[in-house]
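S.K.: Here you go, sequence then predicted model.
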Amino acid sequence: MDADREQEQDEARLLAQAKDWAAAIVADDAGRIARFMADDWVIVSESGITSKEQFLSLVASGDLTHSAMDLVTRPRIRVYGDTAVVTGRVTNTAHYRGTRFDADEWTTDVFMKRDGRWRCVLSHITSAAPDGPEAD
């Protein structure tokens, strides 16, 4: 298979995976969410670094739930061998211990291909500026 064709297939897989991961988060299914993450996954946000274990325990306990997770833009996907960077704008509605939070965020996920499967090793979120530029 030529490199361009393989790149296209990886990008299609990563786009589908981003959508499936969002659906797992809205389903509040910690086990399903975990399948998209590497063991050493972390998320970086304005509150600091949260580990996979911390995030999944919040979901499993019901302290953190999501009722919406929508891709606002088609993600920008770049594949560099066995590493991929997926960046896009996402809106979501979450509840943390009963308090509702609505967010409009830019997300960047770094994936590594391990054992033939893409797994996220790092997620970074930042609030989107109202009427800010879109991804290219």
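M.R.: Nice, I can see it. Keep in mind the model is a prediction, meaning the values are calculated, not measured.
S.K.: How about residues contacting the longest helix along the chain?
M.R.: Across the chain, the helix with the greatest residue count (assigned by DSSP state H) is helix 3-26. For helix 3-26, contacts defined as Cβ atoms under 8 Å, 6 or more residues apart in numbering pick out 1, 32-33, 35-36, 59, 66-71, 74-75, 77, 79, 84, 86, 88, 90, 92, 109, 111, 113, 118, 120. (C-beta placed from N, C-alpha, C; glycine too.)
S.K.: Pull up the gap between the closest residue in space to A128 that isn't next to it in sequence and G116, please.
M.R.: Computed as Cβ to Cβ, 6 or more residues apart in numbering, the closest residue to A128 that is not its neighbour in sequence is D104, at 4.5 Å. Applying Cβ to Cβ, to the nearest Å, the value for D104 to G116 is 35 Å.
S.K.: Name the residue in these two with the higher neighbour count.
M.R.: D104 (15 against 6; other Cβ atoms under 10 Å).
S.K.: ok, the residue nearest to A128 - contacts?
M.R.: For D104, the contacting residues are V72, R89, V90, T91, S127, A128, P130, by Cβ under 8 Å, 6+ apart.
S.K.: Tell me the one among those residues nearest to G48.
M.R.: Set against G48, the nearest of those by Cβ to Cβ is S127 (15.1 Å).
S.K.: burial count for the closest one?
M.R.: 12.
S.K.: which element follows whatever helix or strand F101 lives in toward the C-terminus?
M.R.: Per DSSP states H and E: F101 is located in strand 99-114. Reading on from strand 99-114 to the C-terminus, the next helix or strand found by DSSP H and E is strand 117-127.
S.K.: so where's this structure shaky on pLDDT?
M.R.: 1, 131-136 (pLDDT under 70).
S.K.: sorry, back to before: now which of the contacts of D104 would you call buried?
M.R.: R89, V90, A128 (16 or more other Cβ atoms under 10 Å).
S.K.: mind giving me CSV with the residues you listed and columns for distance to K52?
M.R.: Converted to CSV, the buried ones among the contacts of D104 look like this (distance: Cβ to Cβ, whole Å):
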residue, distance to K52
R89, 24
V90, 19
A128, 25
